[in-house]
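J.: The amino acid sequence is not available; the structure is as follows:
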């Protein structure tokens, strides 16, 4: 009698684990299916951009689209590069990006050091006031800065693109947090040895805070690459145009007669550097973004 | 102890940042307020010696201006539609990603890709996907319907004019919603996945012992413990939504609308920049202040709602 029940119970348990396993396997399959479909949706625009950029115009304009170009037109890329004057735009953007990143890093490091290591009157008040400015939307500053830049005679210069954005309160905050994690004893020891502040910063603080500095650099460069509104307002002439503005201005025809493959080739060229940087420095970018919550 | 040498040094180190902030951050706060309350302020006119009366005319003009109401409407629709969609999708994707092992890193990278794009450049790609090329109204035929319409036709639907001549406001908004959601997903997934990975595994083990069903685990454990991150992505989503501008330029160009109705999709930020470029800085300032107040109210409201539901 008792053996019979145990056998039945065992069978029951086996049956239940089988059902559980099936449910589990179905769940896993469903999860993967969902993720893969979403991934395809996310990737589709990139795929469409690349294949469109390689088609001939007649093939692009076919009623039934092809999903792989019949004839691969690399020449679209050369044409795009020329038509949108991308070489010039790249140099402008790179120049603005590099100069503003370097100066901005120096200012950020000095300020973060003062807030993290030095004692002075009104430190907390000043820091609080700085943080408070982060709440205000940038559009509010833009209006007056437009006038200021105009009055300083900076219209249509790189200076107008660089100087107003050199200080970011958020980066100062980020780096200060990082600096504060470095034990103060190191600083005091350096003081006893007679090391200067600058040398201490360079030899100790900067190497230890390098990941944060790299994140700031990448976000700053991405910012230059993606900036659109401010350059459009203050320096939209050929000599100072930034890449996003140049791209948008070169292809304004929405009437349907435009050479879309060439346009897509230009978009692909503009997108490529960001992707390469992302694939190489994924960790820093994702870390920086998850802490900052800002785009570019 | 505060020694005087340190004081002096601190201010020296801070001086570049402080000078730049005074000019480009602090002064604009005061000046924008000032211009907003000077009736009809324009910078060119002011430099020419014109004076302006103190008043609230700029604000009245902004509110009375029917195009501003349109901008407000478009902005609000985009906000209200995209934030729930993108947050829900991001939550589902993050939970799914968190539950798998193989392919997790690869998929995570793919889902982050839209973040490292230029919103104007990829907007142009979306525009070509929705674009109809060579439409002939007599034969009701086009050379190219655009891939999205091809898909709709494949499933037996009718092609729609999404962004071209004669497209409806609803169709335009639908395109914008698709693009903004696509663009907003990576940041939300990143934050939510980070939150999920920091949840203590013991909660899930306890639920397993109790045999709690999956759906219940999601609503009773995961979502409550994730609520601070959810609150964060919802608030930043609303703030970003109210500042929507460049994604529309990406798809529709600077006309901010289909070819036959320029400015139809203009937003609050677009309104501010239009006024600024036309040397109507008083109007622009008033618009920007209204935007600021709206963002403030939405944030406070969200905070209040969220406080009731967030479990720290």
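T.: Ah, there it is. This is a predicted model, so every value here is computed, not measured.
J.: In this structure residue A:244 contacts residue A:226, no?
T.: Yes - with contact defined as C-beta atoms under 8 Å, residue A:244 reaches residue A:226; the gap is 6.1 Å. Glycine gets a C-beta too; all of them are placed from N, C-alpha and C.
J.: Please say which of those two ends up with more neighbours.
T.: Between residue A:244 and residue A:226, counting by other C-beta atoms under 10 Å in any protein chain shown, residue A:244 is the more crowded of the two (27 against 22).
J.: Check what pLDDT that one gets.
T.: Note for residue A:244: predicted pLDDT of 90.
J.: Same check on the one 5 residues further on?
T.: Listed pLDDT for residue A:249 reads 85.
J.: and residue A:101, what is it in contact with?
T.: For residue A:101, the contacting residues are A:217, A:220, A:221, A:224, by C-beta atoms under 8 Å, 6 or more residues apart in numbering or on different chains.
J.: Residue A:245 too?
T.: Residue A:245 makes contact with A:228, A:231, A:232, A:236, according to C-beta under 8 Å, 6+ apart.
J.: Drop anything exposed from those.
T.: A:228, A:231, A:232 (16 or more other C-beta atoms under 10 Å in any protein chain shown).
J.: Same list, these, but only the ones touching chain B.
T.: Near chain B, judged by C-beta under 8 Å from any C-beta of the partner chain, the entries from these are residue A:228.
J.: Let me know the closest of the buried ones among the contacts of residue A:245 to residue B:294.
T.: Closest approach to residue B:294 among the buried ones among the contacts of residue A:245 (C-beta to C-beta): residue A:228, at 22.7 Å.
J.: Can you tell me which helices and strands whichever strand or helix holds residue A:126 packs against?
T.: According to DSSP states H and E, residue A:126 maps onto helix A:123-133. Applying 3 or more C-beta pairs under 8 Å, 6 or more residues apart in numbering or on different chains; DSSP states H and E, we find helix A:123-133 packed against helix A:169-180, helix B:4-21.
J.: Buried residues in it, which are they?
T.: Across helix A:123-133, burial judged by 16+ other C-beta under 10 Å covers A:123, A:126, A:127, A:130.
J.: which non-adjacent residue is nearest the last one?
T.: When you say that, I think you mean residue A:130. residue A:169 (4.7 Å; C-beta to C-beta, 6 or more residues apart in numbering or on different chains).
J.: how about the residues of the stretch 151-296 of chain A near chain B?
T.: Residues of the stretch 151-296 of chain A lying near chain B (C-beta under 8 Å from any C-beta): A:163-167, A:169, A:172, A:197, A:222, A:225-226, A:228-229, A:233, A:243-244, A:247-248, A:251-252, A:254-256, A:260, A:263-264, A:267, A:270-271, A:274-275, A:277-278, A:282, A:285-286, A:289-290, A:293, A:295.
J.: Any of these buried? List them.
T.: Using 16+ other C-beta under 10 Å as the burial test, these include A:163-167, A:169, A:172, A:197, A:222, A:225-226, A:228-229, A:233, A:243-244, A:247-248, A:251, A:254, A:256, A:260, A:263-264, A:267, A:270-271, A:274, A:277-278, A:285-286, A:289, A:293, A:295 as buried.
J.: Low-confidence stretches in chain B?
T.: Low-confidence segments of chain B, defined by pLDDT under 70: B:1-3, B:137-139, B:310-312.
J.: same thing with chain A?
T.: A:1-6, A:8, A:13, A:253-257, A:291-296.
J.: Show me it divided up by domain.
T.: A:2-53, A:75-292 (automatic domain parsing).
J.: Turn those domains into JSON lines, including distance to residue B:258.
T.: As requested, those are arranged in JSON lines below (distance: least, C-beta to C-beta, whole Å):
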{"stretch": "domain A:2-53", "distance to residue B:258": "20"}
{"stretch": "domain A:75-292", "distance to residue B:258": "8"}
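J.: Highest mean neighbour count out of those?
T.: domain A:75-292 (a mean of 18; mean count of other C-beta atoms under 10 Å in any protein chain shown).
J.: Centre of the chain to that one, how far?
T.: Put simply, domain A:75-292 sits 10 Å off its chain's centre (C-alpha atoms, centre = their mean, to the nearest Å).
J.: likewise stretch B:102-111?
T.: The answer for stretch B:102-111 is 25 Å, by C-alpha atoms, centre = their mean.
J.: residues in contact with it?
T.: Outside stretch B:102-111, the residues that touch it by C-beta under 8 Å, 6+ apart are A:32, A:35, A:38-39, A:42-43, A:282, B:93, B:97, B:100, B:185-186, B:189, B:193.
J.: For those residues, which two are the farthest from each other?
T.: Farthest pair in these, by C-beta to C-beta: A:32 and A:282, 22.4 Å.
J.: What are the neighbouring residues in contact with residue 229?
T.: I went with chain A, as the question did not name one. Counting by C-beta under 8 Å, 6+ apart, residue A:229 touches A:142, B:245, B:246, B:269, B:273.
J.: other chain: chain B
T.: B:191, B:192, B:194, B:195.
J.: what helix or strand is it on?
T.: helix B:223-242.
J.: would CSV of the contacts of residue A:245 with secondary structure be doable?
T.: As requested, those are exported to CSV (DSSP: H, G, I helix; E, B strand; the rest coil):
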residue, secondary structure
A:228, coil
A:231, helix
A:232, helix
A:236, coil
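J.: so which of those comes closest to chain B?
T.: Comparing those against chain B with C-beta to the nearest C-beta places residue A:228 closest, at 5.2 Å.
J.: hmm, who's touching stretch A:186-195?
T.: Stretch A:186-195 has contacts (C-beta under 8 Å, 6+ apart) with A:117, A:199, A:200, A:203, A:204.
J.: so where's the longest helix in the chain?
T.: If you meant another chain, say so; for now it's chain A. helix A:2-53 (DSSP state H).
J.: wrong one, chain B
T.: In chain B, taking DSSP H as the definition, the longest helix is helix B:66-98.
J.: angle of whatever helix or strand comes next after that helix against helix A:2-53?
T.: Sequence order places helix B:104-112 as the next helix or strand after helix B:66-98, per DSSP H and E. Orientation check (axes from the mean of the first three to the mean of the last three C-alpha atoms, to 10 degrees): helix B:104-112 against helix A:2-53 gives 40 degrees.
J.: Check which element follows helix B:104-112 along the chain.
T.: Downstream of helix B:104-112, the next assigned helix or strand under DSSP H and E is helix B:119-130.
J.: what about that following helix, near chain A?
T.: Yes - using C-beta under 8 Å from any C-beta, helix B:119-130 reaches chain A at B:119, B:120, B:121, B:122, B:124, B:125, B:126, B:127, B:128, B:129.
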